[in-house]
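A.B. asks: Return atomic coordinates for the entry below.
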Amino acid sequence: MAPMASMAHQAPSTHPVAFLARRAATALAAAAVLGAAAAPAAFADAAPAAPSGSPQKLPAGLYGTKDPQYDGVWRQSLALLAQHTVGVRPAAAAVDWLVGQQCADGSYTAFRADPGKACDAKTMRDTNQTAAAVQALAALGGHGKSVTKAVDWLKSVQNDDGGWSSMSGSPSDANSTSVVIGALAAAGRKPESVTSKKGGKTPYDGLLTFRLGCDTKEEGRGAFTFQLKGAAPNADATAAAATGALGKGFVVSPEAGAADAPVKSLTCKGGAEDGAGKGKQAGAAADRARAADGGAAYLVDQLGKNGQHLLSAMPGAEKQPDVGNTADAVVALAAGGHRSAAQRPLAWLEKNAAGWARQNGPAAYAQLVLAAHATGTDPRAFGGTDLVSALNATGPKPATVSTKAETSGKDEQSDEGKGGGLGVVWVVAVGLAIGAGIGFLLSGRKNRTKNDL
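C.D. replies: Take a look at the predicted model:
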């Protein structure tokens, strides 16, 4: 799901601000590490202290205690989405805070200290934050107007190649494109029907341009690159894109993760991809499925090389486990129906992610909750940690908390949860955890970004 928790900084200098926010456990850590040594044992990436001039008193409805300047909307959206997914009805104040952050044109920036002041030309509107808010508000229900305005704004800043960057006017990237695809799907829009004004390109057209094919060295085939410039395999972008190519967002149904399809690597014949180019309709869907499979195969390969976790290398620091990107990879594998492949990195997360989540806060807990959910794992007993209670403790007391354990793998709704609104959705399945994704996310995420997941 985008964004947001440790960041696969395989090309930190190229990731936009929202990218760091999305992969948030490293957002601001990036700047801090530039002059510091490797992160401490808990795979750190914790956000540094709030800079001078940052808000001294945070809004009552906001999740997390760190400076929200770079990731306020992102972490709030993930927290609310993860809570809803596990049957927790968020506090009205928390939902109202998110709704109140929206600009009149439908966009979101990371944080508006004074929501009463209208957004202007200096407001840094962000597609990642906007797409994350769409996914949360669409899931909660009862916010159709806000969701529609946000989607309309996203459509208005779509690039000619069909994709998006975190900031409008910049070149598209795989993470931002993926998180927007998730938002479109969550809002009930078919991503393939959203075309660019010039060229008529779809989000999937844009996303697949970042895929590395048969002209790439074998070890990188099937991976996605963050942007076309510098086109190198990027695990963070690959996790986001493998989910986005399937038309999925931060929340992946346990039913998808219950399948156990083999992971298929990209195969080439005569320098061309085997099975590609089969027409525009069914062929396009098949191309996306192959792209997702190729991305999954790349992730499995990278996970296998590193002890079932992905790596993050911050500038000036040694490579270390990237917990957030590993959670994103679990979601991506589950989305593709690769249960066995997802279980191995999931087991690593259960053993190693608790300390990281404590350091990084709501978005990190949410990422793990969504990862657990996608694999049918109980988030209330995740390697000895109750992720749901821990997430709830980072913000205002929820209106309602489900104590029902996930066991069936099927969604059940109470009467209150039917028909939209803030009804409680009882997800019965053995799981929950997140990863956004972004790539996608998400995600996603960089230079002026901060991490308070």
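A.B. asks: quick one: the helices in the stretch 151-300 of the chain?
C.D. replies: Ranges of helices in the stretch 151-300 of the chain, per DSSP state H, counting those that start in this stretch, are 174-186, 203-208, 235-244, 254-258, 282-305.
A.B. asks: So which of these is the most surrounded?
C.D. replies: With neighbours defined by mean count of other CB atoms under 10 Å, none of the helices of the stretch 151-300 of the chain is more surrounded on average than helix 235-244, at a mean of 39. To be clear about C-beta, it is placed using only N, CA and C from the backbone, and glycine gets the same treatment.
A.B. asks: Identify the residues contacting residue 251.
C.D. replies: Residues near residue 251 by CB atoms under 8 Å, 6 or more residues apart in numbering: 1, 81, 85, 135, 139, 186, 370, 373-374.
A.B. asks: now the nearest residue to residue 87 once chain neighbours are set aside: how far from residue 61?
C.D. replies: In space, and not counting its chain neighbours, residue 87 is closest to residue 402: 3.0 Å by CB to CB, 6 or more residues apart in numbering. Residue 402 sits at a distance of 21 Å from residue 61 (criterion: CB to CB, to the nearest Å).
A.B. asks: One more: residue 81?
C.D. replies: The gap separating residue 81 from residue 61 is 15 Å, by CB to CB.
A.B. asks: Which one's more surrounded, those two?
C.D. replies: More crowded of residue 81 and residue 61, by other CB atoms under 10 Å: residue 81, with 28 against 19.
A.B. asks: so what's the more buried one closest to, chain neighbours aside?
C.D. replies: Spatial nearest neighbour of residue 81, chain neighbours left out: residue 136 (4.4 Å); criterion: CB to CB, 6+ apart.
A.B. asks: can you check residue 222 too?
C.D. replies: residue 294 (2.8 Å).
A.B. asks: go on, residue 395?
C.D. replies: residue 63 (3.6 Å).
A.B. asks: unless I'm mixing things up, that neighbour is touching residue 397, no?
C.D. replies: No - between residue 63 and residue 397 there is no contact under CB atoms under 8 Å: 11.8 Å.
A.B. asks: Looking at those two, which is more packed in?
C.D. replies: Using other CB under 10 Å, the more surrounded residue of residue 63 and residue 397 is residue 63, with 32 against 11.
A.B. asks: Contacts only, for the more buried one.
C.D. replies: Going by CB under 8 Å, 6+ apart, residue 63 touches 75-76, 79, 94, 361-362, 394-395.
A.B. asks: Okay, and which of these map to strands?
C.D. replies: Counting by DSSP state E, no part of the contacts of residue 63 is found in strands.
A.B. asks: contacting residues for residue 125?
C.D. replies: 103, 105, 107-109, 119, 153, 157, 167-168.
A.B. asks: one more time with 7 Å, if that's ok
C.D. replies: 103, 107, 109, 168 (CB atoms under 7 Å, 6 or more residues apart in numbering).
A.B. asks: Tabulate these (JSON lines), appending secondary structure.
C.D. replies: Formatted as JSON lines, those follow (DSSP: H, G, I helix; E, B strand; the rest coil):
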{"residue": "103", "secondary structure": "coil"}
{"residue": "107", "secondary structure": "coil"}
{"residue": "109", "secondary structure": "coil"}
{"residue": "168", "secondary structure": "coil"}
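A.B. asks: now the strands for the stretch 51-200 of the chain?
C.D. replies: According to DSSP state E, counting those that start in this stretch, the stretch 51-200 of the chain carries its strands in the segments 88-89.
A.B. asks: quick one: the strands in the stretch 251-400 of the chain?
C.D. replies: 268-269, 272-273, 310-312, 320-322, 400-401.
A.B. asks: Can you tell me how far the nearest residue to residue 264 once chain neighbours are set aside is from residue 254?
C.D. replies: Of all residues not flanking residue 264 in the chain, residue 293 sits nearest, at 4.4 Å (CB to CB, 6+ apart). From residue 293 across to residue 254, the span is 20 Å (CB to CB).
A.B. asks: Residue 71 now?
C.D. replies: In terms of CB to CB, residue 71 sits 27 Å off from residue 254.
A.B. asks: again with residue 97
C.D. replies: Taking CB to CB, one finds residue 97 at 29 Å from residue 254.
A.B. asks: Spatially, what comes nearest to residue 119 if we skip its sequence neighbours?
C.D. replies: The shortest distance from residue 119 to any non-neighbouring residue, by CB to CB, 6+ apart, is to residue 103 (3.6 Å).
A.B. asks: Residue 347 is in contact with residue 383, correct?
C.D. replies: No - if you go by CB atoms under 7 Å, residue 383 and residue 347 don't touch, sitting 8.5 Å apart.
A.B. asks: More neighbours: which of those two?
C.D. replies: Comparing residue 383 with residue 347 by other CB under 10 Å, the one with more neighbours is residue 383, at 17 against 14.
A.B. asks: per-residue pLDDT, that one?
C.D. replies: pLDDT for residue 383: 97.
A.B. asks: residue contacts, it?
C.D. replies: Contact analysis of residue 383 by CB under 7 Å, 6+ apart lists 350-351, 354.
A.B. asks: Those residues, buried ones only, as a ChimeraX selection?
C.D. replies: In ChimeraX syntax, the buried subset of the contacts of residue 383 is picked out as below (16 or more other CB atoms under 10 Å):
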select :350,354
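A.B. asks: ok, now how distant is the residue nearest to residue 206 when sequence neighbours are not counted from residue 371?
C.D. replies: Closest residue to residue 206 apart from its sequence neighbours, by CB to CB, 6+ apart: residue 163 at 2.7 Å. According to CB to CB, residue 163 and residue 371 sit 25 Å apart.
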